[in-house]
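Peer 1: need a 3D model of the following:
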Amino acid sequence: MVPSGIDPRHLPRFALTGLSDRARDTLCGFGSDHGAVHLAGLLLDFSRAAQIETVLALEAEPGYRGVAPASAEATFLLPGGFGWVA
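Peer 2: Coordinates of the predicted model:
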């Protein structure tokens, strides 16, 4: 689901590259200027002290649509949350 009023092309876009398809070790981001600003806003909101969610998942179209078309999905974790490795 696209956030209300946002063109999907203006969402953050993540591309994975590397030496081979098996070793995609480089992240290229973040799409358009709109996508970069949108991602910055999401991360600033996610980092607030009052934040209770510990996982921010940006999914492709079959999910909640948090990334631009043809983007890799991204998950951000806060310390202490599910999946966090210290």
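
Peer 1: my read: Leu78 touches Leu43, true?
Peer 2: No - using C-beta atoms under 8 Å, Leu78 is not in contact with Leu43, being 10.9 Å away. Where you see a C-beta, it was placed from the backbone N, CA and C, and this is true even at glycine.

Peer 1: same for the helix or strand of the chain with the lowest mean pLDDT, what does it pack against?
Peer 2: The least trusted helix or strand in the chain, going by mean pLDDT, DSSP states H and E, turns out to be strand 24-29, with a mean of 80. The elements that strand 24-29 packs onto, with contact taken as 3 or more C-beta pairs under 8 Å, 6 or more residues apart in numbering; DSSP states H and E, are strand 14-18, helix 33-46.

Peer 1: need those in a markdown table with mean pLDDT, mean neighbour count and distance to Glu53, can you?
Peer 2: Compiled in a markdown table, the helices and strands packed on strand 24-29 are given as follows (pLDDT from 0 to 100; neighbours: other C-beta atoms under 10 Å; distance: least, C-beta to C-beta, whole Å):
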| stretch | mean pLDDT | mean neighbour count | distance to Glu53 |
| --- | --- | --- | --- |
| strand 14-18 | 83 | 13 | 20 |
| helix 33-46 | 90 | 14 | 8 |
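
Peer 1: among those, which comes closest to Ala68?
Peer 2: The closest of these to Ala68 is helix 33-46. By C-beta to C-beta, the value is 6.0 Å.

Peer 1: got the CA positions of whichever helix or strand comes after that closest one in PDB?
Peer 2: Remark: after helix 33-46, the chain's next helix or strand is strand 55-58, criterion DSSP states H and E. What follows is strand 55-58, C-alpha atoms only, in PDB (Å, rounded to 0.1, in the frame of the first residue of the first chain):
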ATOM      1  CA  VAL A  55      11.700  -2.600  13.300                       C
ATOM      2  CA  LEU A  56      11.100  -0.400  10.200                       C
ATOM      3  CA  ALA A  57      10.500  -2.600   7.100                       C
ATOM      4  CA  LEU A  58      10.200  -1.000   3.700                       C
END
